[in-house]
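Chemist: below are the sequence and a predicted model; questions follow.
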Amino acid sequence: MNPTIPPSVSAVQIAEALAKPTPTPEQQAVIQAPLVPTLVVAGAGSGKTETMANRVLWLLANGHATPDQILGLTFTRKAAGELAERINLRIAQLDKVGLMPRPAGIVGDGVSRDSSDLFDTPTVSTYNSFASRLFSDNALLLGREPESVLLSETSAWLLARRTVIEHGDDRLVPFGKNLDTVTDAVLRLSRALAENPAPFVPGEPAGSHDLAGLAAGFDYLPDLPYGSAAKKKPYDSVTGSLAAVAPLPVLAELADRYQLEKRRLGLIEFSDQVALALQVCRKVAGVGVRARDQHRIVLLDEYQDTSVLQTELLHTLFADHPVMAVGDPHQSIYGWRGASSANLLGFRADFNSADRADAGPGSRPSMSLSYTWRNPASVLDAANTLVAPLSEALRARPGGIQVETLKVPGGKEAGRVEGLMLETVAEEADHVARWFAARLDGGSRSGAMLFRARRDMEFFAEVLRANGVKAHVLGLGGLLSTPEVADVVSVLRVAHDPSAGSELVRLLSGGRWRIGPRDLQALAGVASWLASHDWAQKAVSDELKAKIRASVAGDDVSSLVDALDFVATASETHGQLAGFSEEGRGRLREAGRQLAWFRSRAGLPLLDFVRLIEQETLLDVELVANESHGRGLANLYAFHDTVSAFLDSDEQGTLGSFLRWLARAERQDDLGPRGEMSEPGTVQLLTVHGAKGLEWDFVAIPNLTENSLPAKAKEGAGWLRFGELPYPMRGDRAELPELLHSGHETQKSFDTEFARYKAELGDRHAAEERRLIYVATTRAQRELLLTGSFWGGGLTVRKPSRFLVELSDAGLIEPVAVDSADSEKPEAAGVGRESWPFDPLGTRRPFVEAAADLVRGARDSGQDRPTIWSRDVTLLLEERALRQAGAGVMALPTRIPASRFKDYLDDPAAVAAGLRRPMPEKPYRATRLGTLFHSWVERRAGGVGSGDLVDAGPQELDLDFDLDSDLDGAGDGDFDSATGSGTDAALAEEQQFERFKATFERSQWAGRKPEEVELEIHHVMCGQVFICKLDAVYRTETGYQVVDWKTGKAPRNAADLELKQTQLALYRLAYARWKGIDPELVDAVFYFVADDTIVVPHRLYSEGDLVLAWSSVVAPMSTGPVAASESWKRRG
């Protein structure tokens, strides 16, 4: 390819033709860059996505490539979907203005050639998806299965846990780690080994023998002399290092076994995809040549987030190829999972052979995008000040890259940055809440609070809500912190674990049982008494007590759960019950009996058990009755989806394994980037790690104190931790602190080296925290609030964050106090008196009690008091009336699937007959095929719904396909029946399923990340509950789009489509109500995968249309004989 062909159409001309803003000189340089390996350093908010899309347009308009020859890779599916959507939209605009080359030819290697299909779309995907396809296409040549199943995070953890159980040995005992900790370590080590080429055999991962050899290199240290006459025991650095490396051999063996087990079962992980793709490149001839021929232009987004192995794969395939990598070293915040900002520094040496041969890295200057279109000047000044030390360090490195200081284009608002230290965290939370209340005011503006850690999110959220500000804690942790879900999880833990005392106290002191402090204290006394007595209630000896204390942890000695069981079953006259109030004792006995009953049913299928808890605790009734908490039921449904996601990976999952997985999933959820969009009028609370790539009008960053942000280094001694891959084994080891552990003659010598190593770790950690605060500050589009407080939950005073002090010293915020006004923690300053336990009705109590009195008065008046025969008599009379009135009179079910709405409209008589005399329907393979496809799409999207269509009674199934249309042309014989036999039918089903998957992968949905997957909404209309199960919802430029996957045939005619669109209309209305937005912001389409056809109804019914259609057709079903409604059909 000739890199110096002059452009016939410039970037400015393209922008003018599309009526877009004129690109800046920096953007023009990037858009029109030569077709050689190019690194672009793009600061936060600098418009890199738009610039990359415009580069694609320039390449197409000037004939350097056709759309299908362009490859774009990025880090997340959300980013890939946004980039693909942007590029495809711009290509359509380019063609509309006549700038897309026609089949006359395109330029390539100086040769004009025909293009048969100019409008194939570019390939845009994640780095891992690209690697996965590369491996799948060539897997058989490596002796591997191309259709290896990708393990979910849950499945991987469960498989690793099983490996530890089956293959762990006594060598693990001395380390004092529980099963889950060992599982985490094995999984972490296995992935690190797969993702890091060993230094011993280039291109191959390290093995257990390598780790055992490295650990053995520390064995000589205890035998060394201390090296100091004053030293009487071994140095802590020596003993600590030995303790850290000792588990490596056995953990590495378990990691090897885990890898073997995956291969035996035909399973792979994300961490395997790149490693296997790299094996393909090195062992299968011609793979690189074909990749370069297929992808003449390569764009690499978020390059600072790539791992060492991803970088090695990319430069193996595309060295000396037109590759443009875009990244920002200051936003490299995912180092904990293998991302390395050093990839930016090494880009030119990796991709340009001239740099490797001649001048080395850094010989050619990188390009920059240094104008931010997101932040106002005041916010940007703060961000630039905080990140300045990092920029200087990068410039000072040999071969370093130039990171330009971000600038604001002219005419942008100045914005505002505030920073202050308050005395207490309560004052801090109140100040933040009032700050948001003054700015959001329930309008269209968005807000966010960004935290270094999750622990204080719910506290700040409660204060926000108390000040009238909507607050939403994002992620699984946010879901688990909602009151209704927290109650369910507490019951699950109490039913499973007798040591779940905290969860039990939450339940007992909550609105249902309202146990007061004195009775809880008495319960703790019973727990202590039980711990000191045997099964016969006789005091145990001091010797036995000592043995108990030596054999278990102190927290396990006494159990509040056991104490509650005792209170529930003990005699009323037992002495241990004397300390309880009469009312408290009664409530505790009732609570104990219910929780014991739950425990006896803990073996139920997990989702059934969760629903049973909701029903028996009356939680579902409370949420329906509480109009002030509209999202309560939605939160429970979301938790059901979480349970289903776990069961998708472990169908036989036990309660214990689910609770362990839940704790781990909550920890992991904090660390990755989030895909949620901002919510107008709502403050979203999330971690800084989750905020990358997002933006809000108003951003607050609380807890800006030393050891909070910046956080205290948890790494301690770097890789010298349980289950960590040693730095010498990592692919980016040249960028990491090195511990020289060999060749020492005294322990003191090693201790000195260890101190130097830890100091380097501290510097590295400080740089990582500085990158975090930079990412956090650059999320604000209008105003930024930075706060801290001297007194938090502890007893010692806190210091202001160095970041606050730096901004104060630079004059960018008001001077910040560095010392508290109080020498001791303020005692209850500003704290009011509250009754506890809290009244669940609160200020509503007098109104609720008045209503209850009216009901009781009517009941006690004696009028129309029912007898024991009343119900039977009423049923008999209704049955006679039905016979007299005609066969068509029918009581409708309360719950009606949205997909059956059209059946009521089309043939109400058939529906009535089915309701009156339900008949089992013959199972069809097409039905199962539809279920398989829906489940596959959901898993592919990383969704958390169940994907299982059979989730209710026969009349409540929200089928996402129609049997009549799905069976048209489905085949003859036993393919139609799910109970049929024969290999031909099974093969046909499998082949059809594979065709469905291949078609979907080519569709526009393949590269997009849905907002929701398998979302079930119960929409109330006309006195009925319509069950709307939305397959997928995507964010669009104008709002949201609901997509319903169909595996059958497209509508036969306009009348058929008119019927089917009612399902989409219900989905649109239900989602708009659930989301709290105008239905006009939501559209809906069908995607018929068998035909690869998107069907967009001419119009979707409004709520009024739906009500009219339903009323005109269904009313006769409850008043007289049922027939097809000609009045409705005439409307069509």
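Modeler: Looks like it arrived, so ask away.
Chemist: all the strands of the stretch 751-900 of the chain, residue numbers only.
Modeler: Using DSSP state E, counting those that start in this stretch, the strands of the stretch 751-900 of the chain run over residues 780-791, 895-897.
Chemist: lowest-confidence stretch among the ones you listed?
Modeler: Mean pLDDT values for the strands of the stretch 751-900 of the chain show the minimum at strand 895-897, a mean of 79.
Chemist: and it, what does it pack against?
Modeler: Using 3 or more CB pairs under 8 Å, 6 or more residues apart in numbering; DSSP states H and E, the elements in contact with strand 895-897 are strand 1024-1035. Bear in mind the C-beta positions are built from the backbone N, C-alpha and C, glycine included.
Chemist: still on that earlier bit, can you tell me which of the strands of the stretch 751-900 of the chain is most buried?
Modeler: Greatest average neighbour count among the strands of the stretch 751-900 of the chain goes to strand 780-791 (a mean of 24), per mean count of other CB atoms under 10 Å.
Chemist: next one: that one to chain centre, how far?
Modeler: 26 Å (CA atoms, centre = their mean, to the nearest Å).
Chemist: same for it, what does it pack against?
Modeler: Against strand 780-791 (3+ CB pairs under 8 Å, 6+ apart) you get helix 377-396, strand 416-424, helix 425-440, strand 696-701, helix 802-809.
Chemist: try 10 Å
Modeler: helix 377-396, strand 416-424, helix 425-440, strand 447-451, strand 696-701, helix 747-777, helix 802-809 (3 or more CB pairs under 10 Å, 6 or more residues apart in numbering; DSSP states H and E).
Chemist: ranking these by burial, who's on top?
Modeler: strand 447-451 (a mean of 27).
Chemist: buried residues in the next helix or strand along the chain from it?
Modeler: Remark: after strand 447-451, the chain's next helix or strand is helix 457-466, criterion DSSP states H and E. Neighbour-count burial for helix 457-466, counted by 16 or more other CB atoms under 10 Å, picks out 457-458, 460-461, 463-464.
Chemist: now do the contacts for the residue lying closest to Leu507 once chain neighbours are set aside.
Modeler: Nearest-residue entry for Leu507: Ser490, 5.3 Å, with adjacent residues in sequence omitted and distances by CB to CB, 6 or more residues apart in numbering. Ser490 is in contact with 500, 502-508, 510, 613, counting by CB atoms under 10 Å, 6 or more residues apart in numbering.
Chemist: of all the helices and strands packed on strand 780-791, which one is nearest Ala29?
Modeler: helix 377-396 (20.4 Å; CB to CB).
Chemist: report the buried residues of the helix or strand where the residue nearest to Leu507 lies.
Modeler: Here Ser490 sits within helix 483-496, counting by DSSP H and E. In terms of neighbour count (16+ other CB under 10 Å), helix 483-496 has its buried residues at 484-496.
Chemist: over to stretch 513-523?
Modeler: Quick answer for stretch 513-523 (16+ other CB under 10 Å): 513-516, 519-520, 522-523.
Chemist: those residues: which two are farthest apart?
Modeler: It's Arg514 and Ala522 that sit farthest apart of these, by CB to CB, at 15.2 Å.
Chemist: where does the prediction get shaky in the stretch 1001-1132 of the chain?
Modeler: 1052, 1114-1132 (pLDDT under 70).
Chemist: in CSV: the helices and strands packed on strand 780-791, plus mean pLDDT and distance to Ser152.
Modeler: Output for the helices and strands packed on strand 780-791, formatted as CSV (pLDDT from 0 to 100; distance: least, CB to CB, whole Å):
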stretch, mean pLDDT, distance to Ser152
helix 377-396, 93, 36
strand 416-424, 96, 42
helix 425-440, 96, 36
strand 447-451, 97, 27
strand 696-701, 97, 30
helix 747-777, 95, 28
helix 802-809, 97, 37
